[in-house]
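Undergrad: got a structure for you, letters missing:
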């Protein structure tokens with residue numbers, strides 16, 4: 001049997017089946033090793049499939065050998081391959097960090113539950129990226145969401161409970177809107193397969209239900225992706241979750257939901273709804289510009305480090321959606337490659353926060369004074385990732401911002417305004433990250449109630465090695481961005497070919 005032919009199914013089945021097995025394990029080491037091995041196997045499969053996609057292949061797998069649209073189809077192209085690398089890679093790296101970070105935040109008897117939820121979240125996100133039909137996307141979306149609720153609320157900080165309750169409410173509304181929209185499309189086409197759905201819509205004459213469906217699906221997914229102004233659940237969810245859970249979710253969760261939104265808008269709706277492209281640009285472009293400025297402004301005045309980075313994430317989602325709203329090859333390429341680069345930068349920043357959380361009980365800027373002197377390697381990695389977030393040349397963040405500015409200049413006077421917003425927001429990012437640097441390097445060390453019971457010092461070597469691996473990846477992909485750029489350009493071509 002050629003096992004490579006079954007990689008798409010194996011990638012999602014592996015963490016899905018391993019999750020209940022992890023719950024049977026006791027202690028902290030065995031659950032961690034099992035989850036880590038599973039995640040790395042999923043990462044290896046993602047790399048193998050990406051190599052196939054880079055050669056121009058689109059991987060299609062029919063579950064049970066039942067062909068679409070009657071059967072369940074798994075489909076991996078350039079866009080899904082890139083995000084599979086993000087999800088499985090982020091999961092693997094942050095799980096390595098979890099070995100030390102979770103010890104300070106979670107009771108030993110709850111570790112196996114945490115890792116089981118982690119694997120379910122991983123399986124859900126992978127399933128969303130490879131599912132070829134709208135209903136299975138919904139199923140995997142709910143698996144990922146329910147597991148994420150557990151991950152966020154698992155720590156010792158009780159303020160995570162109201163944060164996750166808000167997330168549950170907003171996520172449930174978003175999922176309901178999505179399901180209503182899918183139901184309306186199914187009513188008019190009789191199919192749930194996305195490719196078949198797009199094909200059959202061309203023969204539908206009564207398009208009002210489809211227009212309503214587009215509204216429900218767009219708003220529902222925007223809620224789950226925390227797109228401005230539907231972002232209110234995100235800051236506290238990031239702030240009070242266990243640090244490694246925040247790093248994993250911040251790198252992956254919103255990008256996976258944006259992936260679904262791109263699929264529906266560019267593959268299903270825009271080719272079949274006259275004027276939908278103008279509505280898409282007219283609605284999302286100004287919202288993206290406002291999101292970039294408003295969220296960056298909120299980060300300027302935030303005093304809690306994780307909430308500051310959460311508002312930064314909302315602004316970065318604005319960059320992603322700004323590129324998509326141009327509806328050009330350059331714009332979509334910038335949008336997709338920024339998903340990859342932002343995951344790198346923000347994942348590294350939150351991993352550095354996990355290191356700080358090992359030594360400081362509070363993550364307010366005032367209580368982190370002097371952290372740069374007592375934890376120099378951690379803060380150096382934080383600064384490096386912050387440079388990538390700003391878009392300093394030589395880092396991964398510069399690549400996507402350069403492509404975004406190039407795409408904006410193709411839009412004429414409106415594009416010039418977008419470039420101004422991008423440059424202003426980059427200066428704002430420098431300002432709010434400088435507040436962290438100023439406190440860490442120029443403030444006096446506070447040793448009263450703000451430190452943990454452990455002696456203040458550098459993070460454990462394993463955790464530090466993980467942070468620096470992620471930090472150096474920001475430099476590597478800034479100097480050699482060939483793979484993410486190739487995948488992003490292919491993804492843009494795939495999305496736009498339906499509009500010709």
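TA: Structure's in. What do you need? Just so you know, these numbers come straight off a predicted model, no measurement behind them.
Undergrad: Tell me how many other residues crowd the residue lying closest to residue 431 once chain neighbours are set aside.
TA: Of all residues not flanking residue 431 in the chain, residue 300 sits nearest, at 5.9 Å (C-beta to C-beta, 6 or more residues apart in numbering). (C-beta placed from N, C-alpha, C; glycine too.) Using other C-beta atoms under 10 Å, the number of residues around residue 300 comes to 14.
Undergrad: Compute the distance between residue 300 and residue 436, please.
TA: In this view, residue 300 and residue 436 are 12 Å apart by C-beta to C-beta, to the nearest Å.
Undergrad: If I look at the residue nearest the centre of the chain, what pLDDT would I see?
TA: Nearest residue to the geometric centre of the chain (C-alpha atoms, centre = their mean): residue 252, 2.6 Å. Confidence at residue 252, expressed as pLDDT, is 88.
Undergrad: How about residue 104?
TA: For residue 104, the predicted pLDDT is 69.
Undergrad: And residue 369, by the same measure?
TA: 83.
Undergrad: May I have the phi/psi pair for it?
TA: The phi and psi torsions at residue 369 (degrees, to the nearest 10) take the values phi -60, psi 130.
Undergrad: Just the buried residues of stretch 153-164, please?
TA: 153-155, 160, 163-164 (16 or more other C-beta atoms under 10 Å).
Undergrad: which residues touch the closest residue to residue 143 other than its chain neighbours?
TA: Nearest residue to residue 143, sequence neighbours excluded (C-beta to C-beta, 6+ apart): residue 124, at 3.6 Å. Neighbouring residues of residue 124 by C-beta atoms under 8 Å, 6 or more residues apart in numbering: 140-145, 147.
Undergrad: Checking the residue lying farthest from the centre of the chain next. Helix, strand or coil?
TA: Distance from the C-alpha centroid of the chain, by C-alpha atoms, centre = their mean, peaks at residue 205 (37.0 Å). Assigned by DSSP: H, G, I helix; E, B strand; the rest coil, the conformation of residue 205 is coil.
Undergrad: wait, doesn't residue 351 sit right on residue 247?
TA: Yes. Counting by C-beta atoms under 8 Å, residue 247 is a contact partner of residue 351 at 5.1 Å.
Undergrad: Settle it for me: which of those two has more neighbours?
TA: More crowded of residue 351 and residue 247, by other C-beta under 10 Å: residue 351, with 34 against 31.
Undergrad: and the residue nearest to that one when sequence neighbours are not counted, how far is that from residue 106?
TA: Spatial nearest neighbour of residue 351, chain neighbours left out: residue 467 (4.7 Å); criterion: C-beta to C-beta, 6+ apart. Look at residue 467 and residue 106: by C-beta to C-beta, they are 20 Å apart.
Undergrad: any chance you could map the helices in the stretch 401-500 of the chain?
TA: 413-442, 461-479, 482-496 (DSSP state H, counting those that start in this stretch).
Undergrad: Pipe those into CSV and attach mean pLDDT and distance to residue 114 per row.
TA: Below are the helices of the stretch 401-500 of the chain laid out as CSV (pLDDT from 0 to 100; distance: least, C-beta to C-beta, whole Å):
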stretch, mean pLDDT, distance to residue 114
helix 413-442, 88, 28
helix 461-479, 90, 17
helix 482-496, 88, 30
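Undergrad: could those go into a markdown table alongside distance to residue 60 and mean neighbour count?
TA: Listed next are the helices of the stretch 401-500 of the chain as a markdown table, based on distance: least, C-beta to C-beta, whole Å; neighbours: other C-beta atoms under 10 Å:
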| stretch | distance to residue 60 | mean neighbour count |
| --- | --- | --- |
| helix 413-442 | 37 | 17 |
| helix 461-479 | 29 | 19 |
| helix 482-496 | 13 | 20 |
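Undergrad: List the buried residues in the host helix or strand of residue 148.
TA: Counting by DSSP states H and E, the element that carries residue 148 is helix 134-153. For helix 134-153, a neighbour-count test (16+ other C-beta under 10 Å) marks 134, 136-138, 140-145, 147-153 as buried.
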